[in-house]
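1. Give the three-dimensional model of this entry:
(2 chains)
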Amino acid sequence: MSTETSFLDLTLAEAAALVQRLELSPVELVNACLDRIAQTDEVLRAYITVYEEEAPKVAAAAETMIRAGHHLGPLHGMPIGLKDNIALKGLRTTAGSRILADWIPDEDATVAARLKGAGAIIIGKTNMHEFAWGGTSANPHYGFVRNPWDTDRFPAGSSGGSGAAVAARTCFGALGTDTGGSIRLPSAINGITGIRPTIGRVSNFGVTPLAWSMDTVGPMTRTVEDCALMFGAIAGHDPKDDGCALVAVEDYTADLDRGIEGVRIGVVSDYFFHHLQAPVRDAVRGVLETLGKLGATVVEVELDHIHGNISAQLTIESCEPSTYHQRWLRERPQDYGDDVRVLLELGELHLATHYLQAQRYRSLLRRQFLDAFKSVDMFVCPTLPFTATPIGATTVVIEDGVEEDMLAAIMQFTGVPSLTGLPSLAIPCGFDGGGLPIGMQVIGQPFGEAALFRLGAAFQSATDFHERAPT
Amino acid sequence: MDEQTVRELARVADLALGDERLGLIAPQLDAWLAAANELSRKLEADEHRAVLPITVFRHPTVEGREE
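-> Presented below is the predicted three-dimensional model:
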């Protein structure tokens, strides 16, 4: 490779192949990423901690292993970011908060341990919405994360640091966490790919909780292939997490080139294409046309229970975090950012019946989706109804000049997989008139991640949205 | 939802809220609880009487029984 820039424009899969053949050194990769972080992060604030001293040492060890004939797989030597609510042994893990500003875990999160075991090099801990409770990544303690496509705009969240870090080519992939959309939203807004797994597919051990019944961990990358590679490394049963399923892990890259001839795509038009900014509507309509040309069939589906999902989402995502934070909210309320403190106080004031009705609603909605999967293979919809808003905005205009609360508006589509526990892949699918990325979401069957990657790979083989980079 | 109601709810929850917090919480709580009540009305329908909360433990012995 001739220049540093060319390293960083490679996909993870491309870089990994060069590293395996000893044509590219992990040390060069890590140093290039650290240089890029130094150039960009004063503005982007995508990282809370950067391992400037540790990462090159690990890279040198990784290179030594390869030279000795011990290649651990496609993540060996790859610089990866971790959202800062994922524990790393001996290294502070803040969850984007002042409350945990000095917390040093004594054990790795399972996903971190698995990445390390696969040879990945953790280059830094990424910034996030405080305690993952919010969708803007406007963090009052570690800086507002900014969108690499337009630094006056937000990167979404809560994994906004991971999204900005990947889009800005400061790492080859990152882990995020997703409760109500926190992987998929920043993936869409930053023009990258990310997956929320099936509930129970990936261990949550060592991850600071937001809402126990909906929390997940997943990769955020530039391409579907990269996402599948990272996903394969972190998926699987974990005896340390009682919620983790004992289901065999597939080779998520095996079918990426199989195409989607005959795949049935479900669309709920009265919900998926209702209440959207026009460029988002046009982009996702375009997705359906592209998928049709690739051999898929679009099937209109009625899911009448889908209406009401935002309220259920907000109720559960209020009550569960407020339970986890109950002591700190009473002892250290001043240590929370203004927005998160209000949300945690709100969650204390719901009734138990509200919470349980919301949990009953989840059963209802999940059953309706499972019934629908008898006639379709997956669903396609927008990831969110608008493109990146200005930094600091708490409202958004979607249609007709009406200002709406950001939090409810941003969950219009991402709440559905969160409530139903279904896997969901976010993929870039267009740009608005201002050059801001638009994302689509593909919702699959339980443990059907491989099918989502297959469709995503087919889409990316026919489009170039994922190849574009912020300047 | 007025601030007095928020104060009373917080008292029941043993959550000390200063007067300055009440005005921040009341409008959003009003909107969220209205939506939550609407969802409750939906779930009260006879057709949904057998629906269990998704967090209830189940031990299916037959593959696919949940579906």
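2. show me the residues around the residue of the stretch 151-300 of chain A found nearest chain B that make contact.
-> Residue of the stretch 151-300 of chain A nearest chain B, by Cβ to the nearest Cβ: residue A:213 (5.8 Å). From N, CA and C alone the C-beta is placed, and that goes for glycine too. Going by Cβ atoms under 8 Å, 6 or more residues apart in numbering or on different chains, residue A:213 touches A:316, A:320, A:359, B:54, B:55.
3. Can you classify the closest residue to chain B within the stretch 201-350 of chain A as helix, strand or coil?
-> Proximity of the stretch 201-350 of chain A to chain B (Cβ to the nearest Cβ) peaks at residue A:311, 3.7 Å away. Here residue A:311 is recorded as helix under DSSP: H, G, I helix; E, B strand; the rest coil.
4. For it, give its distance to residue B:7.
-> Computed as Cβ to Cβ, to the nearest Å, the residue A:311 to residue B:7 distance reads 24 Å.
5. Which parts of chain A belong to which domain?
-> The record's domain parsing of chain A by automatic domain parsing lists A:4-234, A:264-467.
6. Distance from the first one to the middle of the chain?
-> It stands for domain A:4-234. With Cα atoms, centre = their mean, to the nearest Å as the basis, domain A:4-234 stands 10 Å off its chain's centre.
7. could I get stretch A:191-207 in CSV with only the CA atoms?
-> C-alpha atoms of stretch A:191-207 as CSV (Å, rounded to 0.1, in the frame of the first residue of the first chain):
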residue,chain,number,x,y,z
GLY,A,191,-24.1,6.2,6.1
ILE,A,192,-22.8,2.9,7.4
THR,A,193,-24.1,-0.6,8.0
GLY,A,194,-25.1,-2.0,11.4
ILE,A,195,-27.1,-4.8,12.9
ARG,A,196,-29.3,-5.2,15.9
PRO,A,197,-29.3,-9.0,16.5
THR,A,198,-32.1,-11.2,17.6
ILE,A,199,-32.6,-10.9,21.4
GLY,A,200,-30.3,-13.6,22.9
ARG,A,201,-28.0,-14.0,19.9
VAL,A,202,-25.2,-11.9,21.4
SER,A,203,-24.2,-11.8,25.0
ASN,A,204,-24.9,-8.7,27.1
PHE,A,205,-22.5,-9.7,29.9
GLY,A,206,-20.4,-6.8,30.9
VAL,A,207,-22.5,-4.2,29.1
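8. Check the average confidence over that stretch, would you?
-> Per-residue pLDDT over stretch A:191-207 has a mean of 97.
9. again, but for stretch A:301-314
-> Mean predicted confidence for stretch A:301-314 is 95.
10. quick one: low-confidence parts of the chain?
-> No chain was given, so I picked chain A. The model of chain A has pLDDT under 70 over residues A:1-5.
11. The intended chain is chain B.
-> B:58-67.
12. top helix in it by residue count?
-> Across chain B, the longest stretch assigned as helix under DSSP state H is helix B:19-43.
13. List the contacts of that helix.
-> A:308, A:310-312, A:314-315, A:318, A:342, A:345-346, A:349-350, A:353-354, A:357-358, A:360-361, A:364, A:405, B:1-3, B:5-7, B:9, B:17, B:48, B:51.
14. wait, what's in contact with the residue lying closest to residue A:193 once chain neighbours are set aside?
-> Among residues not flanking residue A:193 along the chain, residue A:227 sits closest, at 4.9 Å (Cβ to Cβ, 6 or more residues apart in numbering or on different chains). Contacts for residue A:227 (Cβ under 8 Å, 6+ apart) come out as A:173, A:193, A:194, A:195, A:219, A:220, A:221, A:425, A:453, A:456.
15. ok, so what distance separates residue A:227 from residue A:13?
-> From residue A:227 to residue A:13 the distance is 10 Å (Cβ to Cβ).
16. got the buried residues for stretch A:314-328?
-> For stretch A:314-328, a neighbour-count test (16 or more other Cβ atoms under 10 Å in any protein chain shown) marks A:314-322, A:324-326, A:328 as buried.
17. Among these, name the ones in helices.
-> A:314, A:315, A:316, A:317, A:318, A:319, A:320, A:321, A:322, A:324, A:326, A:328.
18. measure the residue nearest to the first one when sequence neighbours are not counted to residue A:342 for me?
-> Counting by Cβ to Cβ, 6+ apart, the nearest residue to residue A:314 once its immediate chain neighbours are dropped is residue B:32, at 5.6 Å. Distance check for residue B:32 against residue A:342: by Cβ to Cβ, it reads 11 Å.
19. Those two: who's more crowded?
-> For residue B:32 and residue A:342, the more surrounded residue by other Cβ atoms under 10 Å in any protein chain shown is residue B:32, and the numbers stand at 24 against 16.
20. Confirm that the residue nearest to residue A:193 sits in a helix.
-> Yes. Looking at residue A:227 with three-state DSSP, it is inside a helix.
21. roughly how far apart are it and residue A:379?
-> Counting by Cβ to Cβ, the gap from residue A:227 to residue A:379 is 18 Å.
22. again with residue A:32
-> Relative to residue A:379, and taking Cβ to Cβ, residue A:32 is found at 39 Å.
23. neighbour-wise, which of the two wins?
-> residue A:379 (26 against 21).
24. Residue A:299 is in contact with the more buried one, correct?
-> No. Using Cβ atoms under 8 Å, residue A:379 makes no contact with residue A:299, being 9.6 Å away.
25. where do the contact lists of the two overlap?
-> Applying Cβ under 8 Å, 6+ apart, one finds that residue A:379 and residue A:299 are jointly contacted by A:265, A:266, A:267.
26. which residues touch the residue of the stretch 201-350 of chain A closest to chain B?
-> A:358, B:32, B:35, B:36, B:38, B:39.
27. which non-adjacent residue is nearest it?
-> That would be residue B:35: by Cβ to Cβ, 6+ apart, it lies 3.7 Å from residue A:311.
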